[in-house]
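# Need a 3D model of the following:
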Amino acid sequence: MAVTTPTGNSAEEIMTRAKVSDATRNIAPKMALSGSNWRWSGPNTSLTACGTTSPTNPISPLRLTAVAVIAAATIVVGWAWKIATWNHNDTLVPATTANSATGLKDGTIRSVEWPHTEENYVLKEMGFRIARKHAAKLRMMVHVLAFAVPLLAVLVSLFAGGILGVLAAVIAVLAQAPGILIERWLFFAEAKHAVTLYYGR
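As a prediction, the model looks like this:
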């Protein structure tokens with residue numbers, strides 16, 4: 001819309017202003033200026049995924065973050081359970097005795113001689129004994145390999161991400177595998193079987 005202003009002049013310090021606006025107007029052009037009203041297209045490249053540059057953000061993708069958290073929590077729970085199990089087993093007293101095994105309730109039963117002169121499968125598999133000092137060392141190896149190293153590696157993979165996170169996850173697997181094998185072997189080595197009572201053990 002055109003705007004009109006009052007007409008007049010102010011030559012030689014004498015100001016003259018019309019009392020009313022001029023009757024003439026500037027007519028708007030019949031054609032609009034050339035131009036374009038098309039919208040610009042969006043960016044063709046995506047932004048950097050969250051967490052790849054800042055360790056405080058979840059690593060990408062989010063599913064890997066959940067897996068790492070669950071793995072860390074599982075290791076902590078398993079570690080606490082194993083410690084509680086060892087402490088409980090150390091206080092146990094065998095419920096089976098030579099009397100209960102033979103069915104003789106009166107007197108003290110003891111083995112005079114073995115059923116055979118050489119060791120057999122029963123003694124090697126069920127009568128195997130492990131020294132207490134060796135058991136303590138093996139338990140420490142389980143603590144380190146099966147729990148401590150994997151937990152630290154999982155935490156590194158959780159906050160680092162990228163190649164370092166993958167390397168930490170591989171270290172966790174390589175450390176925990178022998179740790180679990182040692183724990184399982186130690187479980188059977190420390191077990192006490194009633195059949196050994198016939199051999200005076």
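
# ok, now which ones touch the residue nearest to Phe147 when sequence neighbours are not counted?
For Phe147, the nearest residue in space outside its immediate sequence neighbours is Trp79; the separation is 4.1 Å by CB to CB, 6 or more residues apart in numbering. Just so you know, the C-beta spots here come from the backbone N, C-alpha and C atoms, and that holds for glycine as well. For Trp79, the contact set (CB atoms under 8 Å, 6 or more residues apart in numbering) comprises His143, Ala146, Phe147, Leu151.

# The third one contacts Glu183, correct?
No - no contact is recorded between Phe147 and Glu183 when judged using CB atoms under 8 Å, the distance being 9.5 Å.

# Now list whatever residues contact both of those two.
With contacts taken as CB under 8 Å, 6+ apart, Phe147 and Glu183 have Lys82 as neighbours in common.

# Let me know the pLDDT of Ala101.
At Ala101, the predicted lDDT confidence score is 70.

# Pretty sure it sits against Leu197.
Yes - shown here, Ala101 and Leu197 form a contact pair, counting by CB under 8 Å, at 4.7 Å.

# Which one of the contacts of Trp79 is nearest to Ser157?
Of all these, the one sitting nearest Ser157 is Leu151; the distance, using CB to CB, is 11.0 Å.

# Pull up the gap between the closest one and Val144, please.
From Leu151 over to Val144 the distance is 11 Å, taken as CB to CB, to the nearest Å.

# ok, these two, which is more surrounded?
Comparing Leu151 with Val144 by other CB atoms under 10 Å, the one with more neighbours is Leu151, at 21 against 13.

# What is the least confident helix or strand in the protein?
Scoring the helices and strands of the chain by mean pLDDT, DSSP states H and E places strand 6-9 at the bottom, with a mean of 55.

# Looking at Ala101 and Leu197, which is more packed in?
For Ala101 versus Leu197, neighbours defined as other CB under 10 Å are more numerous around Leu197 (21 against 14).

# Find me the pLDDT at that one, would you?
At Leu197, the model reports a pLDDT of 70.

# pretty sure it contacts Asn99?
No - between Leu197 and Asn99 there is no contact, the gap being 9.4 Å when judged by CB under 8 Å.

# related to what we said a few turns ago, which helix or strand contains the residue nearest to Phe147?
Assessed by DSSP states H and E, Trp79 sits inside helix 62-89.

# Report the mean per-residue pLDDT for stretch 177-191.
Per-residue pLDDT over stretch 177-191 has a mean of 88.
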